[in-house]
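S.K.: Quick one, fold the following:
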Amino acid sequence: MSKKAKLLTILALATLLIFACTLPSEEARENDPNIIFTAAAQTAAVQLTEVARANNAPTQDSGSTAPTLSPPTLLPPTSAIPTLTPTEDLCDKAKFVTDVTVPDATVFLPGENFTKTWRVKNIGTCTWTSDYDLVFVSGEQMSGASPQPMLGSVAPGDTVDISVNLTAPTESGNYVSSWQIRNNKNVLFAKVYVQIKIQSGSFAVTSVSDMDSFYISGRGVALSAKITTSKAGKVKYHWILREAGQPDLTTSIEELDFASNKAKEVATLWTSCPHAGSFTAYLYVDDPNHQEFGSAPFNCP
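M.R.: Residues are numbered from 1 along each chain as shown. Below you'll find the predicted structure:
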């Protein structure tokens, strides 16, 4: 072999040796862990790049207007539950007007008889008929009749006087007797009461009897009665002239001295009637009883 041929052979072997050392083997690539980490990093980088491109991608409207947000979906409003209001029974209702007789704390003797009268107004929508009555409900009944039928009819808006005959208790003290109107359905309404004081041995008017009233043509109305007291003392009294639905008319207060418990006659002349109509006269004892007694009806022409 020539010298030139040997040189070419050596160069060829050197070249092969250089390539063999520089080219990686397949075994080395499969066992090198850095290759796996490098590939994962490259994959993550590619995914992040794709997400960024998607977020920054322009919309169809290339203008500068901000994207419009869709309004939130609203749930339909829940229907309000109606409030149930109890219906008030307006049929039988009454309003107390006044104590016609026996004001609160009136003094009586033990066992004394008296009549309590209340004035009430029908403010309901139903007429009170004779099927309605007055009944005792609590306190001291004082021998009052219960039930006690209503007299006549009381239409809505009308006023009526309701009375009950009572007897004072026999023991000293304060007493209350409560009563109510009862309708034809056995329902109670319109509570009224009488409050009295019993004092044994006190000076008081025990009775007013023989009450009378009559019209004297051209002169007026003559009123008379007989007053009896428990013992000696002074009685103050006045007369009441009453017309249904109208304010009371009264005389001036008079005084009468009693030396004992004997009865005394009293009389007065009402000089003129206010107008033609039907009236009733009553005697009111201002002191010591604070109590209305008796009744005497009459007509003015």
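
S.K.: which residues of this protein score low on pLDDT?
M.R.: 1-88 (pLDDT under 70).

S.K.: try 80
M.R.: Along the chain, the parts satisfying pLDDT under 80 run over 1-89, 199-202, 261-262, 272, 274.

S.K.: Going along the chain, name the helices of it.
M.R.: Along the chain, the stretches classed as helices by DSSP state H are 3-22, 26-31, 33-55.

S.K.: Show me this structure divided up by domain.
M.R.: The chain breaks down by automatic domain parsing into domains covering 94-198, 205-300.

S.K.: Can you convert those domains into JSON lines and add a column each for mean neighbour count?
M.R.: Bear in mind the C-beta positions are built from the backbone N, C-alpha and C, glycine included. Listed next are the domains of the chain as JSON lines, based on neighbours: other CB atoms under 10 Å:
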{"stretch": "domain 94-198", "mean neighbour count": "17"}
{"stretch": "domain 205-300", "mean neighbour count": "16"}
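
S.K.: May I have the distance across stretch 107-120, first residue to last?
M.R.: Distance between the boundary residues of stretch 107-120 (CA to CA, to the nearest Å) amounts to 24 Å.

S.K.: now stretch 226-237
M.R.: Note: stretch 226-237 ends 12 Å apart using CA to CA.

S.K.: One more: stretch 231-250?
M.R.: 27 Å.

S.K.: Distance-wise, check residue 244 relative to residue 91.
M.R.: 24 Å (CB to CB, to the nearest Å).

S.K.: Revised request: answer the last question for residue 190.
M.R.: Distance from residue 190 to residue 91, by CB to CB: 12 Å.

S.K.: And for residue 158?
M.R.: Remark: distance between residue 158 and residue 91 (CB to CB) = 15 Å.

S.K.: Next: residue 145.
M.R.: 26 Å.

S.K.: Kindly report the same for residue 270.
M.R.: 42 Å.

S.K.: Check residue 252 too.
M.R.: 45 Å.

S.K.: Kindly report the same for residue 131.
M.R.: Computed as CB to CB, the residue 131 to residue 91 distance reads 13 Å.

S.K.: Could you tell me which residues touch both of the two?
M.R.: When contacts are counted by CB atoms under 8 Å, 6 or more residues apart in numbering, residue 131 and residue 91 are jointly contacted by residue 183.

S.K.: measure the closest residue in space to residue 300 that isn't next to it in sequence to residue 243 for me?
M.R.: Take residue 300 and drop its neighbours on the chain: the residue closest to it by CB to CB, 6 or more residues apart in numbering is residue 273, 3.3 Å away. As judged by CB to CB, residue 273 and residue 243 stand 10 Å apart.
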